[in-house]
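> I'd like to go over a predicted model; first the sequence, then the structure.
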Amino acid sequence: MKDILAKQRRLARRKVRVRGKISGTSTIPRLSVSKTNTSIYAQLIDDIKQVTLLGIHSKSLTKGKNITIADAEKLGAVLAENALSKNIYRAVFDRRGRKYTGQISAFAEGARKSGLRI
C-alpha cells in the first residue's frame, strides 16, 4: 500500500511541475492527455477562459478493450481532425506527469500526422 501511495505522490509532483510551465489560450490550447491502464483521455483546454474546447476518449474507439499503441495513434488522428474542423491548428502538449513513451508518444505522433502542430 505504501508503494502505491508513493507512486501516486511522485506522479502528482511531476504533474504540478509540468503543468506549471505550460498554459493554453483560445488560439493555441493545451492538449492534456491522461492515461489509465485501459484507456486514454484527451482534451483541448483554454486556460485563460477555463473552458474545454474539445474532448475525446478511447472508449469509443476500442469498445471496452484495452488500448494499444496503434489505437492511441488513431485516437490522436481523430482528435486532430476534430480540432482542425474547429479551426485549431496548434496546441501545447501536456503529458500530465507521464513519460513521453508508448501510448502517449503514439497519441502525439498521430495528432501530428493529421496536421495538428504540437
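It's in. Numbering: from 1, shown residues only.
> Give me the below-cutoff pLDDT ranges for the chain.
The chain contains no residues with pLDDT under 70.
> Residue nearest the middle of it, spatially speaking?
Val33 (1.8 Å; Cα atoms, centre = their mean).
> Which helix or strand contains Leu84?
Element membership for Leu84, per DSSP states H and E: helix 69-85.
> buried sites along that helix?
69, 71-80, 82-83 (16 or more other Cβ atoms under 10 Å). Bear in mind the C-beta positions are built from the backbone N, C-alpha and C, glycine included.
> Please apply the same query to stretch 9-26.
Lys15, Arg19, Gly24.
> so which of those comes closest to Tyr41?
Lys15 (14.2 Å; Cβ to Cβ).
> Name the surrounding residues that touch the helix or strand that closest one falls within.
Lys15 belongs to helix 2-19 when assigned by DSSP H and E. By Cβ atoms under 8 Å, 6 or more residues apart in numbering, the residues outside helix 2-19 that reach it are Asp94, Arg95, Arg96, Gly97, Arg98.
> Could you list the paired strands of the helix or strand just after that helix along with their orientation?
Sequence-wise, the next helix or strand downstream of helix 2-19 (DSSP H and E) is strand 30-35. Looking at strand 30-35 with DSSP bridges, its partner strands are strand 40-46 (antiparallel), strand 92-94 (parallel).
> of all the ones you listed, which lies closest to Ser105?
When the strands paired with strand 30-35 are compared by Cβ to Cβ, strand 92-94 sits nearest Ser105, at 10.1 Å.
> can you list contacts of the helix or strand that that closest one is followed by?
Downstream of strand 92-94, the next assigned helix or strand under DSSP H and E is helix 102-113. With contact meaning Cβ under 8 Å, 6+ apart, helix 102-113 is reached by 31, 33, 35, 40, 42, 67-70, 72-77, 79-80, 91, 93, 95, 98, 100, 118.
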